[in-house]
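Peer 1: Fold the following.
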Amino acid sequence: MAKLQMEAAAGRRGRAEGAAAISLGELLRIWTGIGLQSFGGGTSTLYLIHDVCRWRGWLSEEEFACAWALVQIAPGVNLIKLTALVGHGLRGWPGVVAALAGLLLPSTAITILMTVGLAALREQPAVAAVMRGVIPATIGLSLALGVQMAWPLLRAARNEGRASVVVHVAVMLAALLLLFVAHASPLLVLGLGGIVGLLLGRLASASRARAAHASPGDAT
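Peer 2: Numbers count the residues shown, from 1 in each chain. I've put the predicted structure just below:
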């Protein structure tokens, strides 16, 4: 456990040093690239943000998953909140402005241009054919991103024991059923997940306390 904590601390220090080295101009350029490549909706944009954060070492897999979970709680557009969160972590409030400007300005300009010719494009058979291929590809991106975000959580749960893995998988499946079968509110699903996490945390703390209390007696 101590080794894992030391490795995590070293990783955070390395990411902090990398964040301090990036300029606002570089940050704007990177997010502009994300904005220009954000075809296919929010899923592809989220995939790009995840890929950049991982490749540049801005966030670990666990930190990205936590950030994505955090932005689900507050109302608003999740991708914008995530962009602001990452930008603030890198360069503070100026980083928020640079990241949001890079993400939103190119896509907004392209959307305005596309809106002008939307009526004509919609009637083109080629456009309909392209969309029939884009939609399944977008679903594939969602599945790939889901696996990438779930894997570090399950890996951490495995270190805590088999019961933790079972609970994490059960929560994922329950959320899936609540959303797609019961059509529950996302806020309700997130709230229930948070309650489960709180209960698990308390049970884990109580278990550690009992183990620590029993250790002196075992030694004697």
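Peer 1: Going by neighbour count, list what's buried in the lengthiest helix in the chain.
Peer 2: Secondary structure of the chain read by DSSP state H shows that its longest helix is helix 78-116. Going by neighbour count (16 or more other C-beta atoms under 10 Å), the buried part of helix 78-116 is 78-79, 81-87, 89-91, 95-104, 106-107. From N, CA and C alone the C-beta is placed, and that goes for glycine too.
Peer 1: try stretch 138-158
Peer 2: Buried, per 16+ other C-beta under 10 Å, within stretch 138-158: Thr138, Leu141, Ser142, Leu145, Gln148, Met149, Leu153, Ala156, Ala157.
Peer 1: And those residues, which is closest to Met172?
Peer 2: Nearest to Met172 out of these is Leu153 (C-beta to C-beta; 8.9 Å).
Peer 1: which ones are touching that closest one?
Peer 2: With contact set as C-beta atoms under 8 Å, 6 or more residues apart in numbering, Leu153 has these partners: Glu62, Ala65, His168.
Peer 1: again, only this time at 7 Å
Peer 2: Taking C-beta atoms under 7 Å, 6 or more residues apart in numbering as the criterion, Leu153 is in contact with Ala65, His168.
Peer 1: Now do stretch 35-44: distance from first to last residue.
Peer 2: Terminal residues of stretch 35-44 lie 10 Å apart, using C-alpha to C-alpha, to the nearest Å.
Peer 1: circling back to that earlier point, turn the buried residues of stretch 138-158 into CSV, including secondary structure, pLDDT and distance to Ala184.
Peer 2: Shown next, in CSV, are those (DSSP: H, G, I helix; E, B strand; the rest coil; pLDDT from 0 to 100; distance: C-beta to C-beta, whole Å):
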residue, secondary structure, pLDDT, distance to Ala184
Thr138, helix, 74, 23
Leu141, helix, 78, 24
Ser142, helix, 77, 19
Leu145, helix, 76, 22
Gln148, helix, 77, 25
Met149, helix, 77, 21
Leu153, helix, 79, 21
Ala156, helix, 79, 26
Ala157, helix, 79, 24
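Peer 1: Much appreciated, bye for now.
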